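Engineer: let's see this in three dimensions:
(one chain, ligands or ions: 1)
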Amino acid sequence: MERIYIFTRFERFWHWTQALLVISMMITGFEIHGSYSLFGFAKAHQIHTIAAWALIILWVFAIFWHFITGEWRQYLPTMKDADKVIRHYAWGIFLGEEHPFVVTRARKHNPLQAQAYLAVKLLINPILWISGLLYLYYNELAALGQHLDLATIALIHTIGAFMMLAFFVAHVYLITTGHTVTAHLKAMITGWEDGEGAHLAKRDQ
Ligand code: HEM
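Structural biologist: So this is what the prediction gives:
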């Protein structure tokens, strides 16, 4: 069977560590928010703060890696064939049609995917990061004479959290829509995409 090496070791490490941290931040964050009780507020708060620093360190490393390797270009937005991809997700996918996008090493993401990931990187992550740090250092900032409105910070952070949750739900659904239900999941574990996608990619390279 034709195969293509699509995700490097660092990308897989980054992806799964980020997934673990973001899931823990959603679970503990919505507990802090008061949506349910699981660990208890104090424990949830402690986990949320530790995971926040781990996530920030990971994001800094990942940003560095993307610039050093030039892989940031994967996220350059394009509308080329975006209409075909929209039609596929709205319609063709339910008729069992093949995905219109051809995966290559140089362009791993279809146009909608690249735009969604770019929005995560340039919008959702910074919203959570900046409002989270303001939340964390609220007392210190107040002591320095910077009296920010805590309710506004909390609201912005919660909006960011819901955006991340929406992304997460869509992401998990789309993971299952490869040429088999587990094809995309396997690619992110082993690094190798196989089957039809890989075959088409090789033909086009
Ligand atoms: C995927 C990432 C994240 C999610 C889903 C998330 C989610 C949440 C949610 C839902 C809350 C409750 C907000 C409220 O009701 O007021 C919260 C609180 C908080 N988050 Fe996050 N958060 C994330 C990342 C971060 C980051 C990166 C930081 C720090 C840099 C951070 C720091 C905080 C702090 C300090 C609180 C308030 C805790 C308290 O009330 O004392 N969060 N988070």
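
Engineer: which ones are touching residue 10?
Structural biologist: Contact analysis of residue 10 by Cβ atoms under 8 Å, 6 or more residues apart in numbering lists residue 65. Just so you know, the C-beta spots here come from the backbone N, C-alpha and C atoms, and that holds for glycine as well.

Engineer: state the helix or strand in which it lies.
Structural biologist: helix 9-33 (DSSP states H and E).

Engineer: check whether that helix comes near the ligand.
Structural biologist: Yes - with Cβ under 6 Å from any ligand atom as the criterion, the ligand is reached by helix 9-33 at 22, 25, 26, 29, 30, 32, 33.

Engineer: next helix or strand past that helix?
Structural biologist: Downstream of helix 9-33, the first helix or strand assigned by DSSP H and E is helix 41-69.

Engineer: tell me what the helix or strand that comes right after that following helix is packed against?
Structural biologist: As assigned by DSSP H and E, the chain's next helix or strand after helix 41-69 is helix 82-90. For helix 82-90, the packing partners by 3 or more Cβ pairs under 8 Å, 6 or more residues apart in numbering; DSSP states H and E come out as helix 111-119.

Engineer: what packs against the helix it packs on?
Structural biologist: Using 3+ Cβ pairs under 8 Å, 6+ apart as the contact test, the elements touching helix 111-119 are helix 82-90, helix 150-175.
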